[in-house]
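Peer 1: Model the following, please.
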Amino acid sequence: MAKPSNKKYLLIQSENNYISLTEYIESLDPALKMMPFQEGMLNRNVRDVVIHLHHWHLLQLGWYNVGMRGDKPSMPSEGYTWKTLPDLNLMIREKYKNVKLQDAISKLATSHANISNLIEEHTDKELFTKKKYHWTGSTSLGAYLTSATASHYAWAIKLIKKQMKA
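Peer 2: Take a look at the predicted model:
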């Protein structure tokens, strides 16, 4: 599926992929939901993947809030660079290691709704004009939001399905 180039398709892809992800997880046998992933995987189980998505929503919302008030957000997160992304993702896994899957799913539902509401607040031009906001650099706000939603959900579905076959 092509990356969205307008608000309508961003919302549709985001919602469709979110629903596909949550329905797939819900359809899994309870034992499979708790099954450890293959050795060496950063995300060790379904819960880790779900909470990873939630935390990246929080990062996106934080960047947005800082950027829209005219400041430069720490991207991807304070103390991390894009080159140290594996370390950030490891920190995320450790931070939430005691969260139960059902709680992770609830957190994801809330942060997904918050991101969807943010998308709704903007016009196509605001979302998809490159360099419209200084904090998004050479890309568009919509590209960031696509990465945090539709694309990230598709990644999660693919990863979980692959692990269920392993």
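Peer 1: and residue 20, what does it touch?
Peer 2: 153, 157 (CB atoms under 8 Å, 6 or more residues apart in numbering). In short, each C-beta sits where N, CA and C put it, glycine included.
Peer 1: Just the element for it, please.
Peer 2: Assigned by DSSP states H and E, residue 20 belongs to helix 7-27.
Peer 1: Okay, buried residues for that helix please.
Peer 2: 7, 9-11, 13-14, 17-18, 21-22, 25 (16 or more other CB atoms under 10 Å).
Peer 1: Quick check: what element follows that helix along the chain?
Peer 2: helix 30-34.
Peer 1: Quick one: name whatever helix or strand follows that following helix.
Peer 2: helix 46-68.
Peer 1: tell me the angle that next one makes with helix 7-27.
Peer 2: Helix 46-68 runs at 160 degrees relative to helix 7-27, counting by axes from the mean of the first three to the mean of the last three CA atoms, to 10 degrees.
Peer 1: other SSEs contacting helix 46-68?
Peer 2: helix 30-34, helix 85-95, helix 101-120, helix 141-148, helix 150-165 (3 or more CB pairs under 8 Å, 6 or more residues apart in numbering; DSSP states H and E).
Peer 1: Touching, residue 161 and residue 24? I think so.
Peer 2: Yes: counting by CB atoms under 8 Å, residue 161 touches residue 24, with 7.3 Å between them.
Peer 1: between the helices and strands packed on helix 46-68, which gets the lowest average pLDDT?
Peer 2: When the helices and strands packed on helix 46-68 are compared on mean pLDDT, helix 30-34 scores lowest, with a mean of 92.
Peer 1: which outside residues touch it?
Peer 2: So helix 30-34 is contacted by 25, 45-47, 101, 164 (CB under 8 Å, 6+ apart).
Peer 1: hmm, try it at 10 Å
Peer 2: Identification of contacts with helix 30-34 by CB atoms under 10 Å, 6 or more residues apart in numbering yields 25-28, 45-47, 50, 101-102, 105, 160, 163-164.
Peer 1: residues contacting residue 116?
Peer 2: Contacts of residue 116 by CB under 10 Å, 6+ apart are 10-11, 14-15, 18, 145, 149.
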